[in-house]
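Participant: Just a sequence and a predicted model for now, questions to come.
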Amino acid sequence: MTDRLGQKQTAAMLALMVVAREVSNPELREIVGFALDGKERRQLNGLDLVVSEQRGRPYFHELTERGWAWCEEELSAGEAPSPRTSLGSALYVVLGGLGRHLRREKLRLADLFMPDVEVTAEEIETRIRIAYRKLSDAPRDWVGLVDLRPMLGEASSVDVDAVLKELSRSGQIRLVPESNRKTLTAAAHAAAVRIGGEDNHLLSIEEP
């Protein structure tokens, strides 16, 4: 693992991880309270963790592939960089739990953090039907939402839930709970869509 970074650099790296896109210094200042400039920026650039480009006056920053790998390793660091604070220590307890969840479910950070992009309901419906065709062997097959959701791109879970509920209400799809709840993973529970007070885990489309 790359040598531990300082608090300011670590905060910048984690902010870029969560936002998951290019961020300007003015926006970074709004997010974490400082801009990535001077020695801190040059070191991250030199370590190939962040790529920075100056356009006009502000710099724009984005994680490199190596930067994403650093963030994944940092989830297992166990303790915050020095000087340690109670808030920093608590943050690393949360990061450690996140890292264990990703490893348990065989997910990557890119599966969790992605840029906010507005996607229309029509586009989400199209993606649902395309993903269903890829996952099913024939119409009316049952497909797990836990398998379908990762194939929907950058659409938010709230928007996906809204489209699934509308398609179910209009009779275009069927949503049902998993009969054997003991087989459900944490990811399967999280992927469920709640309708009428019941979590539904499986999807079927007659004509996808």
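Facilitator: Cool, the structure landed. Numbers count the residues shown, from 1 in each chain.

Participant: tell me the contacts of Pro150?
Facilitator: The neighbours of Pro150, taking CB atoms under 8 Å, 6 or more residues apart in numbering as the test, are Asp111. Bear in mind the C-beta positions are built from the backbone N, C-alpha and C, glycine included.

Participant: Check it and give its pLDDT.
Facilitator: Note on Pro150: pLDDT of 89.

Participant: I'd guess it is in a helix, am I close?
Facilitator: Yes: if the criterion is DSSP: H, G, I helix; E, B strand; the rest coil, then Pro150 is within a helix.

Participant: quick one: least confident helix or strand in the protein?
Facilitator: For the chain, counting by mean pLDDT, DSSP states H and E, helix 109-112 ranks last in confidence among helices and strands (a mean of 84).

Participant: Tell me where the model's unsure across the protein.
Facilitator: Flagging of the chain using pLDDT under 70 yields the residue ranges 1-3, 117, 208.

Participant: Identify the residue spatially nearest to the residue positioned nearest the centre of it, adjacent ones excluded.
Facilitator: What sits nearest the mean C-alpha location of the chain, by CA atoms, centre = their mean, is Leu112, with 1.7 Å. Computed as CB to CB, 6 or more residues apart in numbering, the closest residue to Leu112 that is not its neighbour in sequence is Leu102, at 7.0 Å.

Participant: That neighbour - that's part of a helix, no?
Facilitator: Yes: assessed with three-state DSSP, Leu102 lies in a helix.

Participant: show me where this structure has strands.
Facilitator: Ranges of strands in the chain, per DSSP state E, are 23-24, 50-54, 59-63, 143-144, 174-176, 193-195, 198-200, 202-204.

Participant: With that, I have no additional questions.
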